[in-house]
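1. I would like to see how this sequence folds:
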Amino acid sequence: MTADPVTTLSAWLDFYRATLIAKCDGLTDDQLCTASVRPSSLTLLGLVRHLAAVERHWFREVLAGEDVPPLHGREAGTGHDGGIVLDGTGFAEARTTWDDEVARARAICAAAAPDAVGSLDGNEVSLCWVLTHVTAEYARHAGHADLIRERIDGRTGV
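-> Predicted structure coming up:
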């Protein structure tokens with residue numbers, strides 16, 4: 001609890017990454033595609049796909065300046081990643097994609113200086129800001145995942 005800001009933020013992000021995957025452990029593909037509550041189409045598989053796209057966008061595009069295509073397309077005019085909407089992708093493929101994006105994000109962070117900045121729409125964005133933002137995104141979706149998992153089989157907690 002006394003580490004530098006980048007190490008602290010990276011550790012919290014890894015905690016929420018692990019929490020997301022723990023919510024998926026032991027479920028079948030059908031269960032991973034079970035929507036939360038009507039009318040929502042939110043699923044655990046959709047969350048994994050969405051968060052892979054989040055990792056790609058913030059670490060690869062914004063921080064590293066890579067020109068990479070979106071993973072799942074974008075809804076026209078909204079800027080919202082369509083990864084939550086399922087298109088037949090199974091969990092094994094989604095998990096591999098997520099693992100790859102997480103590994104690339106970690107490598108980008110490891111190579112970056114603590115005061116590194118990226119660019120979003122011409123505005124500078126710091127490494128610490130990105131780590132904080134992505135951690136908040138995971139924390140919000142970990143709450144969703146907890147409720148979805150509880151609906152599927154009653155399991156709660158990490």
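2. Val134 against His57, yeah?
-> No - Val134 lies out of contact with His57 (Cβ atoms under 8 Å); the separation is 9.3 Å. C-betas here are computed from N, CA, C, even on glycine.
3. Looking only at neighbour counts, state which of these two leads.
-> Legend: neighbour count by other Cβ atoms under 10 Å for Val134 and His57, higher for Val134 (23 against 20).
4. in which helix or strand would I find the more buried one?
-> helix 127-153 (DSSP states H and E).
5. now for that helix, which elements pack on it?
-> Here helix 127-153 touches helix 5-24, helix 44-55, helix 91-111, strand 117-120, going by 3 or more Cβ pairs under 8 Å, 6 or more residues apart in numbering; DSSP states H and E.
6. Paired strands for the last one, with orientation please.
-> Next to strand 117-120 in the sheet, as set by DSSP bridges, lie strand 123-126 (antiparallel).
7. Compute the distance between Val130 and Ala139, please.
-> To Ala139, Val130 is 15 Å away according to Cβ to Cβ, to the nearest Å.
8. Between these two, which has more neighbouring residues?
-> The neighbour count for Val130 versus Ala139, taken as other Cβ under 10 Å, is higher for Val130 (25 against 14).
9. Just confirm that one contacts Trp58, I think it does.
-> Yes - taking Cβ under 8 Å as the definition, Val130 is a contact partner of Trp58 at 5.0 Å.
10. For the spatially most central residue of the chain, list the residues it contacts.
-> Nearest to the geometric centre of the chain sits Leu51, at 2.2 Å (Cα atoms, centre = their mean). Residues in contact with Leu51 (Cβ atoms under 8 Å, 6 or more residues apart in numbering) are 20, 98, 137-138, 141.
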